[in-house]
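[1] below: sequence and its predicted model.
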Amino acid sequence: MSDRISYEERKELPDSVYGLPERREYPMPDAAHVRAAEAYFRYCPEELKPKLARAILNRAREYGVDVESPTVLNYAKQ
């Protein structure tokens with residue numbers, strides 16, 4: 001699966017797979033999307049970065065993805 005989700009596919013995803021469920025942003029239904037969320041982390045609004053970082057780490061554990069970004073790891077500790 002690519003890291004692209006169509007609008008229709010995105011509408012079908014449950015809130016629980018989003019890094020920011022209240023905004024339905026940063027979908028992570030699989031390992032490829034966890035990596036994409038890590039790559040696009042810098043575009044997240046500053047006040048939401050700790051929440052998104054923790055969500056990325058939780059989903060990464062679920063899919064066996066190693067999160068390597070020091071920025072994501074630092075925000076997850078906040």
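    It's in.

[2] show me where the protein has strands.
    Listed in chain order, the strands of the chain (DSSP state E) span 18-20, 25-27.

[3] to residue 10, which of those lies closest?
    With Cβ to Cβ as the criterion, residue 10 lies closest to strand 25-27 of the strands of the chain, at 6.4 Å. In this view, the C-beta of every residue, glycine as well, is placed from N, C-alpha and C.

[4] distance from the chain centre to that closest one, please.
    6 Å (Cα atoms, centre = their mean, to the nearest Å).

[5] sheet partners, orientation included, of it?
    With DSSP bridges as the test, strand 25-27 is paired with strand 18-20 (antiparallel).

[6] residues in contact with the partner strand: which ones?
    Contacting residues not belonging to strand 18-20 are listed as 24-28, 37, 44, 48, 51-52, 55-56, 59 [Cβ atoms under 8 Å, 6 or more residues apart in numbering].

[7] what residues of stretch 64-76 count as buried?
    For stretch 64-76, burial by neighbour count (16 or more other Cβ atoms under 10 Å) applies to 65, 67, 72, 75, 76.
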